[in-house]
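>>> Fold the following, please.
(one chain, ligands or ions: 1)
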Amino acid sequence: MYHEAIEKYLLGHGFDALRPRAVLFDMDGVLFDSMPNHARSWAQVCTEFGLEMSTEEAYLHEGRTGEATINILTRRHLHRDATPEEVQQLYEAKCRLFNACPEAPKMPGAEELLGRVKAAGLKIVVVTGSGQLSLLERLTTHYPGFFSPDLIVSSKDVRHGKPHPEPYLMGLQKAGVEPWEAIVVENAPLGVQAATAAHIFTVAVNTGPLQPATLTDAGADILFPSMQAFSDAWPQFFGEL
Ligand code: CA
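Okay, here's the model as predicted:
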């Protein structure tokens, strides 16, 4: 069932075999159901600053650095890049609003999938565009026993945010594996682009309001409607590798 997708990936990237030794998880929208809070905070703050943006659009920017997102909006509305002061003000306001939101719950199915991945003997890596310390701490609090600090890539570790491949290349490096020895789990089109640009087999989980085609068009090798669905499918998927 997954054989075809795997063959297509190998052919497209010029690899002989997919032999996973690590799974690289995105965080927001994959491990935590935090995207509704992020998207609403971004949309509200940008609109307050005169850079109108819908919540739907915020989902499409998911994975970009704050600065890159803000510059897209100032170019559209003001026909120029944002000043460093504007970026700082707006980003701080967004973080204040986000931190005032009720705590995002764990993504249903995520812990079960982590358990299956760990039982299969694969390394677990987190690759997130977030630099919020509180969120990184939440990983070890809510998912005890799965994460180690040296296998987390945050926005502080890279120069370029997604859709640039750098965050995922850094994830491979931290895990000590090659692209054909890893699998990425992503929920956002720009994250999928980043992972495929790093030549990693990319599983998209559509945990938000986007059309499924936005993820397959971005290059996802397989698509599941939820983390629970991927967890349910893991034994068969892993069996076909
Ligand atoms: Ca995400």
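
>>> pLDDT value on the residue of the chain found nearest the ion, please?
Closest to the ion within the chain is G29: 3.8 Å, counting by CB to the ion. Placement of C-beta: from N, CA and C, glycine included. pLDDT, G29: 96.

>>> Just give the nearest non-adjacent residue to it, would you?
Using CB to CB, 6 or more residues apart in numbering and skipping the chain neighbours, the partner closest in space to G29 is N187 (3.7 Å).

>>> That neighbour: how many residues sit nearby?
Neighbourhood size, N187 [other CB atoms under 10 Å]: 26.

>>> hmm, back to that, hang on, the residue of the chain closest to the ion packs against P209?
No - contact status for G29 versus P209: not in contact, 10.8 Å apart, counting by CB atoms under 8 Å.

>>> So which of the two has more stuff around it?
A direct count of neighbours by other CB under 10 Å for G29 and P209 places G29 higher, at 27 against 11.

>>> Which residues are in contact with the more buried one?
Contact analysis of G29 by CB atoms under 8 Å, 6 or more residues apart in numbering lists 35, 62, 107, 187-188, 207-208.

>>> Make JSON lines out of those and add distance to the ion and secondary structure.
Shown next, in JSON lines, are those (distance: CB to the ion, whole Å; DSSP: H, G, I helix; E, B strand; the rest coil):
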{"residue": "M35", "distance to the ion": "7", "secondary structure": "helix"}
{"residue": "E62", "distance to the ion": "5", "secondary structure": "coil"}
{"residue": "M107", "distance to the ion": "10", "secondary structure": "coil"}
{"residue": "N187", "distance to the ion": "5", "secondary structure": "coil"}
{"residue": "A188", "distance to the ion": "4", "secondary structure": "coil"}
{"residue": "T207", "distance to the ion": "8", "secondary structure": "coil"}
{"residue": "G208", "distance to the ion": "9", "secondary structure": "coil"}
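
>>> Packing partners of the lengthiest helix in the chain?
Of all segments of type helix in the chain, defined using DSSP state H, the longest is helix 84-100. In terms of contacts (3 or more CB pairs under 8 Å, 6 or more residues apart in numbering; DSSP states H and E), helix 84-100 is packed against helix 35-48, helix 66-78.
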